[in-house]
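Enquirer: I'll drop the sequence and a predicted model, then ask my questions.
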Amino acid sequence: MKKVYLDNASTTALRPEVILEMTKLLTEDYGNPSSTHSLGRTAKNILELSRKSIAKQLNATASEIIFTSCGTEANNWILRSAVKDLKTERIITSKIEHHAVLHSIMALQNEYGIQVDYVNVKTTGELDLTHLVELLSDEKKTLVSLMHINNETGTILDLNRVSQICQEHNALFHSDTVQSIGKTKIDLQHTPIDFIVASAHKFHGPKGVGFAFFRKNSGLQPLFFGGEQEKGLRPGTEAIHQIGGMAKALELSYQNLETESQYITSLKEYTIEKLKANFPDFKINGENTFYNLLNVLLPLDESKTAMILFHLDMKGIAVSRGSACQSGSIRPSHVLAEILTADAIKKPSLRISFSHFNTTEDIDLLIEALRNC
Ligand code: PLP
């Protein structure tokens, strides 16, 4: 049975070049970057070249990139230190953030009693930026935390515009860019954003590695304590094979961005055409969505909602319902709950997320399987 992987917002397959690079690093470059002998120095060199390469892709400087174990860690770190060390009194966020942000903020609210305000979400899945400006008119030491690309619907936040709004109101701006790094250009010299985060496994790199970006003199303090790695900001022996694999994956993603994003866009359009032909009453959840994500409400009976993923899985098709953490659970997605009516949310919605490894044959197999659900 052919396996069809259409769940690239959950995680992506490694590029073959990344596997080669990581295999080389695991086999030959196993030194500890903190060791002073030549194996250690080689590892340190790989570490710093990886940092430089990542910084270059984002038009940042190398010292602004700090490696972490994943996007969740980077988000937790920035939010926690903003409250604990930068004395943020209020966080403005939205109810459609990933749980790595939402649950961190809730924990901080409980621990530190900070004020948390939520920007209104429109029925299009986009945020109401007029409401953001209204919230910011109340002067308080504030951090705005809003994601770039929503991982469930693919709705897009205008990073430049929100950065400017935050700057005008003296607020710090953190964006969870886990779904956009490697998939669209971000220029950190021209976008006055304070903090962003990334996770390698979302752009065809390895799991278990990511990074945080923050500017010099941000005042951010470490989440854990130990050695001097990452200038003491993120102690722990650096996973050279993961970091080197991530740098390679990001370099290739940006090298191929134009051709791959055009190809993926055409696959998304093909899927929409096929859905229109086979399920004329289907609806897209969210408007103006990112090119690799398509969240659809299918005009099927509510009784199919619980089992649809299971039926597709039996046919070798991997898609998602809501975010990865909720796959397999029948709780409604917290993102769709914000934009759909109470009736619509009971119907089966699917998140189809593409990569350059997909083909139109994958889409045909998905449509055929859905017709037989
Ligand atoms: N933020 C967003 C928007 C995500 O989609 C994810 C992963 O699903 C994360 C954060 C968490 O990243 P990681 O898996 O690296 O912890």
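Expert: Sure, I can see it.
Enquirer: doesn't Y291 make contact with K268?
Expert: Yes. Contact criterion Cβ atoms under 8 Å: K268 and Y291 qualify, at 6.0 Å. Where you see a C-beta, it was placed from the backbone N, CA and C, and this is true even at glycine.
Enquirer: So which bits of stretch 137-156 are buried?
Expert: Neighbour counts over stretch 137-156 (16 or more other Cβ atoms under 10 Å) mark 142-156 as buried.
Enquirer: Please work out how many residues are found near the residue nearest to K52 when sequence neighbours are not counted.
Expert: Once flanking residues are discounted, K52 sits nearest to A62: 4.7 Å by Cβ to Cβ, 6 or more residues apart in numbering. Residues lying near A62 (other Cβ atoms under 10 Å) number 14.
Enquirer: ok, A62 touching L47?
Expert: No. Using Cβ under 8 Å, A62 makes no contact with L47, being 10.4 Å away.
Enquirer: Between the buried residues of stretch 137-156, which sits nearest the ligand?
Expert: N151 (3.4 Å; Cβ to the nearest ligand atom).
Enquirer: If I look at the closest one, what pLDDT would I see?
Expert: pLDDT recorded at N151 is 97.
Enquirer: List the contacts of it.
Expert: Residues in contact with N151 (Cβ atoms under 8 Å, 6 or more residues apart in numbering) are 9, 98, 178-179, 293, 323.
Enquirer: In strands, which of these appear?
Expert: L293 (DSSP state E).
Enquirer: Show me the beta-bridge partners of D7.
Expert: Listed by DSSP bridges, the beta-bridge partners for D7 are S353.
Enquirer: Next one: it from I352, what distance?
Expert: 8 Å (Cβ to Cβ, to the nearest Å).
Enquirer: Same check on L365?
Expert: 12 Å.
Enquirer: what about these two, which has more around it?
Expert: Between L365 and I352, counting by other Cβ under 10 Å, I352 is the more crowded of the two (25 against 20).
Enquirer: list the contacts for that one?
Expert: 6, 271, 293-296, 319, 366.
Enquirer: are any of those buried, and which?
Expert: Counted by 16+ other Cβ under 10 Å, these give 6, 271, 293-296, 319, 366 as buried.
Enquirer: Low-confidence regions, this protein specifically.
Expert: Residue ranges of the chain with pLDDT under 70: 322-330.
Enquirer: element containing A212, please.
Expert: strand 210-214 (DSSP states H and E).
Enquirer: Quickly run through the sheet partners of that strand, with directions.
Expert: strand 65-68 (antiparallel), strand 195-199 (antiparallel).
Enquirer: of all those strands, which lies closest to the ligand?
Expert: strand 195-199 (3.1 Å).
Enquirer: hmm, who's touching that closest one?
Expert: 68, 70-72, 74-75, 78, 82, 148, 172-178, 181-182, 186, 188, 209-214, 218, 220, 250.
Enquirer: Which members of those residues occur in helices, if any?
Expert: 71-72, 74-75, 78, 82, 250 (DSSP state H).
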